[in-house]
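Engineer: What would the 3D arrangement of this be:
(one chain, ligands or ions: 1)
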Amino acid sequence: MAMVVLGAGGGLGQALTLELHSQFPDEEIIALSRQPQTGLFDSGKITYCQIDDYSEDSLSAWVSDFKSGGKQLTGVISTIGMLHDEQTFPEKKLSDITADNLTKLFSVNAIKPLLALKAFVPILDRKKTWFWVQLSAKVGSIEDNYLGGWYAYRSSKAALNMLLKTASVELRRTHKELCVAAIHPGTTDTELSKPFQQRIAANKLYSPELSAERIVEVVKHLKPEQSGGLWHWDGSALPY
Ligand SMILES: NC(=O)c1ccc[n+]([C@@H]2O[C@H](COP(=O)([O-])OP(=O)(O)OC[C@H]3O[C@@H](n4cnc5c(N)ncnc54)[C@H](OP(=O)(O)O)[C@@H]3O)[C@@H](O)[C@H]2O)c1
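Structural biologist: Sure thing, here's the model as predicted:
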């Protein structure tokens, strides 16, 4: 049996890979990342695979290999997501918006995660695969948007939530044991949050290890009838 982490090279991806490994010692944990292996995952039960930018072709090729190896999939946690890079920074106001930034964040935060789910469908076992989890963000909650700003990140995570909800409705018909879930990890000390950490109280900025522990705790309690939900790291449901 195997569990997969997509985006295993990032702050939460690395911590989640190690947390799954410690909580599910009998499972093989497969860490997929665009980045070359760093040596962090030295355990025999963690397999590291480099993948080409989560393209449809590279995901399909990986899925075919997995299938031909006769392994069964227990679940997947995808951390794929971005907030900023060298060219992109969260917008404060309408005049900061560019089509390029919106397009980039929708591609990474909403489209890639959904195409990953699409690629994995052939190996979602109808009896054995019980979770498909994608890290989302509370700021993607439309109801919870009181502060404004961060147009591209907020809206791409809201789109992600809708895409996952829609997939959950479809998959519920065929995969009765599966729970599709979006989880907000809480503000975690990673590259993604670095530029914004000075505004966060020290006790509200969590280590990747603590966030990973909390996320896996939420995952362990997911039930198929809850499929399509958006969850806070403490296990409470968040509004869309
Ligand atoms: N940190 C926080 O405070 C926080 C708060 C709320 C939500 N989140 C969400 O949690 C998830 C993990 O974030 P993190 O804090 O661990 O950030 P991170 O260290 O930057 O990791 C983000 C992951 O997304 C993948 N990724 C980034 N840019 C990409 C691109 N252009 N194309 C394809 N994949 C890309 C990377 O996968 P590779 O391994 O392939 O490089 C990386 O592992 C994200 O979805 C983020 O939105 C984080």
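Engineer: residues near the closest residue in space to Lys112 that isn't next to it in sequence, how many?
Structural biologist: Take Lys112 and drop its neighbours on the chain: the residue closest to it by C-beta to C-beta, 6 or more residues apart in numbering is Tyr54, 4.9 Å away. The way it works is simple: take the backbone N, C-alpha and C, and place the C-beta from them, glycine included. Using other C-beta atoms under 10 Å, Tyr54 is surrounded by 22 other residues.
Engineer: got a list of what Tyr54 touches?
Structural biologist: By C-beta atoms under 8 Å, 6 or more residues apart in numbering, the residues touching Tyr54 are 6, 34, 80, 112, 115-116.
Engineer: Could you identify the buried members of those?
Structural biologist: Neighbour-count burial (16 or more other C-beta atoms under 10 Å) applied to the contacts of Tyr54 gives 6, 80, 112, 115-116.
Engineer: near the ligand, which of these show up?
Structural biologist: Among the buried ones among the contacts of Tyr54, proximity to the ligand is found for 80, 112 (C-beta under 6 Å from any ligand atom).
Engineer: which one of the buried ones among the contacts of Tyr54 is nearest Lys194?
Structural biologist: Ile80 (18.2 Å; C-beta to C-beta).
Engineer: For the closest one, which three-state class applies?
Structural biologist: Here Ile80 is recorded as coil under DSSP: H, G, I helix; E, B strand; the rest coil.
Engineer: And the strands in this structure?
Structural biologist: For the chain, strands defined by DSSP state E occupy the ranges 2-6, 28-33, 46-50, 73-78, 131-135, 179-184, 229-232.
Engineer: now those strands as JSON lines including mean pLDDT?
Structural biologist: As requested, those are exported to JSON lines (pLDDT from 0 to 100):
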{"stretch": "strand 2-6", "mean pLDDT": "98"}
{"stretch": "strand 28-33", "mean pLDDT": "97"}
{"stretch": "strand 46-50", "mean pLDDT": "95"}
{"stretch": "strand 73-78", "mean pLDDT": "98"}
{"stretch": "strand 131-135", "mean pLDDT": "98"}
{"stretch": "strand 179-184", "mean pLDDT": "98"}
{"stretch": "strand 229-232", "mean pLDDT": "98"}
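Engineer: Give me the nearest residue to Gly81, chain neighbours excluded.
Structural biologist: Nearest residue to Gly81 in three dimensions, chain neighbours excluded: Asn109, at 5.1 Å (C-beta to C-beta, 6+ apart).
Engineer: which residues does that neighbour contact?
Structural biologist: 80-82, 153, 156-157, 159-160.
Engineer: With Thr74 instead?
Structural biologist: Taking C-beta under 8 Å, 6+ apart, one finds 1-3, 24, 27, 128-131 in contact with Thr74.
Engineer: Check those residues for burial and list the buried ones.
Structural biologist: By 16+ other C-beta under 10 Å, the contacts of Thr74 give 2-3, 24, 129-131 as buried.
Engineer: Of those residues, which pair is most distant in space?
Structural biologist: Within the buried ones among the contacts of Thr74, Phe24 and Thr129 form the most distant pair, 13.9 Å apart (C-beta to C-beta).
Engineer: sorry, back to before: show me which of the buried ones among the contacts of Tyr54 is closest to the ligand.
Structural biologist: Within the buried ones among the contacts of Tyr54, the smallest distance to the ligand is 4.5 Å, found for Ile80 (C-beta to the nearest ligand atom).
Engineer: quick one: the residue nearest to Lys112 and the ligand, what's the gap?
Structural biologist: 5 Å (C-beta to the nearest ligand atom, to the nearest Å).
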